[in-house]
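> Sequence plus predicted model, see below.
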Amino acid sequence: MNQTNLSEAETPKIAGSNPVSGSAEHEGHEDEHENPLNWREISRVLFTAAAAGAIWFLGGARNPYITAVGVICAIVGGFPIFHEAYENIMQRRMTMELSMAIAIVAALAIREIFTALIITLFVLVAEILEGLTVGRGRRAIQHLIELLPSTATVRRSGTWIDVGIQDVAINDEVLVRPGGRVPVDGKVIGGHSFVDQAPITGESMPVEKHSGAIVYAGTINQSGALEVCVERVGRDTTFGKIIEAVETAETSRAPIQGIADRLAGYLVYFALGAAVLTFLLTHNIRSTISVIIVAGACGIAAGTPLAILGSIGRAAQEGAIIKGGLYLEKLWEVDTILLDKTGTLTYGTPELLEVYPARDVPAVLLLKTAAIAESRSEHPIAKAILRKAAQMGIPYEDPGQFEYTPGQGIIAGSGGDEIIVGKRQFLLERRVQCDPPNSGTAGSEIFVARAGRFLGTLQVADTLRPEARGAMQSLKAMGLKTVLLTGDAKMVAEDVGGKLGVDEIVAGLLPEDKLHYVQKMIEKGHKVAMVGDGINDAPALMQASVGVAMGSGTDVARESADVVLIGNDLSKLVETLQTARRCRRTIMQNFVGTLVVDTIGVGLAALGFLNPLLAAFIHVSSEMAFILNSARLLPPVSSANQFVRGILSHAPTGAN
């Protein structure tokens, strides 16, 4: 019933790089609406209920003194309603508070004192119930911020000292003790432990952390101590980005919220117009008052922003940051998913998948020879070969001679022998007879020879993300068209696309080609979501109806996107799309339900089948039904670890 614009809602901010400092700032600005059950509201409800009971038992309609007292009680108890109605008149806004104030005054005018008090009581109780449903979110960000440590243990001059989180800088070394929360995003440089990072990545089991592993602010270190090199602090952390996304969502308005506000205003005009018509036709003041009372737009005006913020918060819990209600609305309209390959459907890191030794050549000899030649190379393929040799425990020495031809191969020397590793043509040009390439092989095929003898080939290729296949199946089950856009070779793209079952494959694209493809799809009327992770994807991400970036991608991609998948898990994209569609269904249910209830209620009231008390009951109960329908999108706050669940409660008090 309380009308609070999203842009006016008070939200604790993260000052500078210190997420905690916002909590102190917020404490000084809280007003009574921050607590849905303050003593003043409860006292007003009890006072109005007592007055209504007294009027009922004393028969106020027959005693002018009791009637006068009842009028005073109705005015005092309904003061918040009259005050907001007056403000709405001054601002030239048509709201349900105004229609309720008119109904109460009309009931008092015809000496229906008990009815006026009961209407007032119903409205006050409805406000408290609405506050209980959505008001707990007023403190959610406060609780969220408190989960991040206000201090950190930092190495200074060779010793560990505790400093305020605002004094932590990039490249500082931070110590995270067992049981403590990680205060920053960074890379582990010492120690071994298991970290509960479910709030960030959604992983149900603790993740093992050792040197080189990434840790996130707000996660919990469970066992051993960890030394972390700071990479991001404050708002730049993944934790801070989640808070910022919710703050942005609160101040932004989806287009459907504007529709909801306008429809709510129209319903008020409809109720007042129907009331005037009822009085002109029936001259029955009780029916007229009932018409005004029964119509309500709360299910639309309050339920819509609650559903949107709840969905944004749920998506954050599931591992996706949606940067505002506008993008949530665009998500539920999407009909086509465009996907980059490298880093999105695949890990983006080459791996040695197969070893094909020539006849009478041991596989170990083939791999050792390749490792000797590649040991001085920084190429990703070289790293994949060396990584495989290390995994298999194959020793290799540095080459005595090393010569690299970019894009072709390597000539190295070891034990007096010449080693050649590279493309088949590179070996043929040096008079090494090679077997033909393995047909149907995706990725890069590396040919290896030593002392003029062909030893075999190595297949190096990017590997699919394990969840990619299931995600593609789910997207297709949702009726979405999937398109693979990649700059890679056609054979590689077809291999990946065939394994995943995408609907269309477009290979050999430059960044501007991806952009043009997105533009072409939009011109055809498609609602397009572009999923990518690299700098080359940024133009397409910005052009698409909705840009979705992988959390492990480049900063440019994440900043260009409207949605960021925190855990790099494509199944999170599916869950986010499902959440967006569920949000739309919920809002539509509220729209249709409110129109049906108002239409039937006004008709029954105009015909005299509803008295003011029953009309008030229908108004309040339908309002709460639709608000609770939206509240189903809010996940339960079951534990401190699931801090994003607290985010979901961060919804404004709805408008009526």
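Yes, it's here.

> Check which helix or strand residue 531 maps to.
strand 528-532 (DSSP states H and E).

> following that strand, which helix or strand shows up next?
Using DSSP H and E, the helix or strand that directly follows strand 528-532 along the chain is helix 538-543.

> what is residue 354 paired to in the beta sheet?
For residue 354, the beta-bridge partners under DSSP bridges are residue 459.

> What sits closest to residue 462 if chain neighbours are left out?
Among residues not flanking residue 462 along the chain, residue 346 sits closest, at 4.1 Å (Cβ to Cβ, 6 or more residues apart in numbering). To be clear about C-beta, it is placed using only N, CA and C from the backbone, and glycine gets the same treatment.

> tally of neighbours for the one you found?
21 (other Cβ atoms under 10 Å).

> Over to residue 494?
Residue 494: 16 surrounding residues under other Cβ under 10 Å.

> secondary structure class for it?
Assigned with DSSP: H, G, I helix; E, B strand; the rest coil, residue 494 falls in the helix class.

> And the helices in the stretch 201-350 of the chain?
Under the criterion DSSP state H, counting those that start in this stretch, the stretch 201-350 of the chain carries helices at the ranges 238-251, 255-282, 285-294, 298-301, 303-318, 325-333.

> And the ones you listed, which one averages the lowest pLDDT?
Among the helices of the stretch 201-350 of the chain, helix 238-251 has the lowest mean pLDDT, at a mean of 63.

> contacting residues around residue 103?
119, 289, 292, 293, 612 (Cβ atoms under 8 Å, 6 or more residues apart in numbering).

> ok so, going back, ok, the strand holding residue 531: who's next to it in the sheet?
The pairing partners recorded for strand 528-532 under DSSP bridges are strand 336-340 (parallel), strand 546-550 (parallel).

> Could you give the average pLDDT over the first one?
What strand 336-340 shows for mean pLDDT is 92.

> Ok, the last one next?
Strand 546-550 carries an average pLDDT of 87.

> same question, stretch 470-486
Mean per-residue pLDDT for stretch 470-486: 92.

> Residue 435 and residue 357 touch, don't they?
No. Contact between residue 435 and residue 357 fails when scored by Cβ atoms under 8 Å: they sit 10.4 Å apart.

> so what's in contact with the two at the same time?
Common neighbours of residue 435 and residue 357, counting by Cβ under 8 Å, 6+ apart, are residue 456.

> When those two are compared, which one has more neighbours?
Each of residue 435 and residue 357 has its neighbours counted (other Cβ under 10 Å); residue 357 has more, 17 against 13.

> From residue 85, how far out is the more buried one?
Noted for residue 357: a distance of 86 Å to residue 85, by Cβ to Cβ, to the nearest Å.

> try residue 288
Applying Cβ to Cβ to residue 288 and residue 85 gives a distance of 18 Å.

> and if you look at residue 164?
The gap separating residue 164 from residue 85 is 48 Å, by Cβ to Cβ.

> Same check on residue 318?
Relative to residue 85, residue 318 is positioned 41 Å away (Cβ to Cβ).

> Repeat that for residue 530.
Separation of residue 530 from residue 85 (Cβ to Cβ): 48 Å.

> what about the stretch 351-500 of the chain, any weak spots by pLDDT?
Applying pLDDT under 70 to the stretch 351-500 of the chain flags the ranges 439-443.

> Helices of that one, residue ranges please.
Along the stretch 351-500 of the chain, counting by DSSP H, counting those that start in this stretch, helices occupy 363-374, 380-391, 424-428, 468-477, 490-500.

> Would you mind putting those helices into JSON lines with distance to residue 42 alongside?
As requested, these are exported to JSON lines (distance: least, Cβ to Cβ, whole Å):
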{"stretch": "helix 363-374", "distance to residue 42": "75"}
{"stretch": "helix 380-391", "distance to residue 42": "66"}
{"stretch": "helix 424-428", "distance to residue 42": "83"}
{"stretch": "helix 468-477", "distance to residue 42": "48"}
{"stretch": "helix 490-500", "distance to residue 42": "58"}
